[in-house]
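Peer 1: structure here, sequence nowhere to be found:
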């Protein structure tokens, strides 16, 4: 009589090894996919935080603006401040730029507050409307996107400005 064979044949070992490699490959693909998703969501969060930071800078400057002296053209937004400073904003090369000594829209001396590699700015729009005696409403629209995103996001804010300080 033939005795029972102990152990596995070469064919069984090859099949088991192949199945093991397929399972490991599938797990690796899932892990890589999860890492990519996590990095993508982290990038979106970073972009939104950068956009919020830009908005806060703009709103801080706008809140101190003398509304009757503001010049809001499409290329450059001049915002004379209560403390005598002259601040200007513009969008150029997908960057939001600020100038702190701007009695007009100069060619040189602009500081970029953003860079298109981390936050691409498409446009900035400001509009000033009278809201009553010595009160004005300034509406601000900023179109920005993450460099990897396809669509721009619109950020909209309104501020009530007074001609008199402290109101």
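Peer 2: Okay, I see it. Because the structure is a prediction, the values reported are computed rather than measured.

Peer 1: strands along this structure, start to end?
Peer 2: If you assign secondary structure with DSSP state E, the strands in the chain sit at 71-72, 77-80, 86-92, 95-99, 111-112, 120-132, 135-145, 153-162.

Peer 1: give me the number of residues near the nearest residue to residue 137 once chain neighbours are set aside?
Peer 2: Using Cβ to Cβ, 6 or more residues apart in numbering and skipping the chain neighbours, the partner closest in space to residue 137 is residue 131 (4.5 Å). For glycine as for every other residue, the C-beta is placed from the backbone atoms N, C-alpha and C. Residues within reach of residue 131, counting by other Cβ atoms under 10 Å, total 15.

Peer 1: pLDDT score for residue 98?
Peer 2: The confidence metric pLDDT takes the value 91 at residue 98.

Peer 1: wait, it sits on residue 87?
Peer 2: Yes: using Cβ atoms under 8 Å, residue 98 is in contact with residue 87, at 6.7 Å.

Peer 1: which residues do those two both contact?
Peer 2: Here residue 98 and residue 87 share the contacting residues residue 61, scored by Cβ atoms under 8 Å, 6 or more residues apart in numbering.

Peer 1: quick revisit: so which of the strands of the chain is the most packed in?
Peer 2: Of all the strands of the chain, strand 77-80 carries the top mean neighbour count, a mean of 23, counting by mean count of other Cβ atoms under 10 Å.

Peer 1: that strand pairs with which strands?
Peer 2: Listed by DSSP bridges, the sheet partners of strand 77-80 and their directions read strand 71-72 (antiparallel), strand 86-92 (antiparallel).

Peer 1: pLDDT averaged over that strand, what's the number?
Peer 2: Rounded to a whole number, the mean pLDDT of strand 77-80 is 90.

Peer 1: which outside residues touch that strand?
Peer 2: Outside strand 77-80, the residues that touch it by Cβ under 8 Å, 6+ apart are 61-62, 65-66, 69-72, 86-90, 102-105, 124, 126.

Peer 1: picking up where we left off before, now the residue nearest to residue 137: how far from residue 55?
Peer 2: Distance check for residue 131 against residue 55: by Cβ to Cβ, to the nearest Å, it reads 21 Å.

Peer 1: what about the residue nearest to residue 137, distance to residue 158?
Peer 2: Distance check for residue 131 against residue 158: by Cβ to Cβ, it reads 10 Å.

Peer 1: mutual contacts of these two, please.
Peer 2: Shared contacts of residue 131 and residue 158, defined by Cβ under 8 Å, 6+ apart, comprise residue 137.

Peer 1: fine by me, we can end here.
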